[in-house]
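1. pasting the structure only:
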């Protein structure tokens, strides 16, 4: 499998805005936390940083006093992690979005089609081009069907549910079709999905490419407006 990323990743264009406390009119500038973007930040890191920058920074000690953090140690861990790390686990992303009071959702398959209809005003003919198809697998000894566990994170559950919808997948056929670079990589993907309860954003994206499923993370006001439109 090459280095190609999903269309969703390719379309991400973000202004690398750098704000400092000096641009903010507040009595104690040292209280303001405004992270800086880095070119190698992954999508989840970018989203959290963008949302903080939109607010022109946040005062972490105020969030601590309001109960958004359990302790000053946790608050400092969140801050230092966002400053130092270029990747973010889904669980930490979810925690940050809770701290910032921002709703979010992973849309894929039919739910992404519905969002596209809202976002771009697609006609019925347009939607046919993006039709979400689930091709069921002929079950045999080579069929891989994972079990969903209660403690799987959201990315893991999405991948497993999509494989189960197909009544399993034949990984050897996917290898022949070039979805994997080698049998070793194929086995690593299979073993990781079976044994790990957490999945990184990058591996999730790779799995969605393998399964031929487009996806997006929608959040904030955009998600609220979409939900209002969908519920009309």
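-> Sure, I can see it. As the structure is a prediction and not an experimental result, all values here were calculated from the model.
2. tell me the domain ranges of the protein?
-> 7-102, 105-132+216-230, 143-212 (automatic domain parsing).
3. in a markdown table: those, plus mean pLDDT and mean neighbour count.
-> (C-beta placed from N, C-alpha, C; glycine too.) A markdown table is the format used below for the domains of the chain (pLDDT from 0 to 100; neighbours: other CB atoms under 10 Å):
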| stretch | mean pLDDT | mean neighbour count |
| --- | --- | --- |
| domain 7-102 | 80 | 14 |
| domain 105-132+216-230 | 84 | 14 |
| domain 143-212 | 94 | 16 |
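4. wait, doesn't residue 48 sit right on residue 96?
-> Yes: Residue 48 lies in contact with residue 96 (CB atoms under 8 Å); the separation is 4.6 Å.
5. can you tell me the helix or strand for the closest residue to residue 40 other than its chain neighbours?
-> Once flanking residues are discounted, residue 40 sits nearest to residue 86: 4.7 Å by CB to CB, 6 or more residues apart in numbering. Remark: residue 86 resides in no helix or strand, with elements defined by DSSP states H and E.
6. again with the one 10 residues further on
-> Taking DSSP H and E as the definition, one finds residue 96 inside helix 90-99.
7. contacts for that helix, please.
-> For helix 90-99, contacts defined as CB atoms under 8 Å, 6 or more residues apart in numbering pick out 44, 47-48, 51, 63, 68-69, 78, 81-82, 88, 103-104, 153-155, 198-201, 219.
8. which ones among those residues lie within strands?
-> Within these, residues falling in strands by DSSP state E are 104, 219.
9. out of the contacts of helix 90-99, list just those in helices.
-> Among the contacts of helix 90-99, the members found in helices (DSSP state H) are 44, 47, 48, 51, 63, 78, 81, 82, 154, 155, 201.
10. Throw those residues into CSV and include distance to residue 144, thanks.
-> Formatted as CSV, the ones in helices among the contacts of helix 90-99 follow (distance: CB to CB, whole Å):
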residue, distance to residue 144
44, 28
47, 32
48, 34
51, 38
63, 44
78, 37
81, 34
82, 37
154, 21
155, 18
201, 22
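11. please identify which of the residues you listed is nearest to residue 230.
-> Checking those against residue 230 with CB to CB, the nearest one is residue 154 at 19.9 Å.
12. many thanks, I have nothing further to ask.
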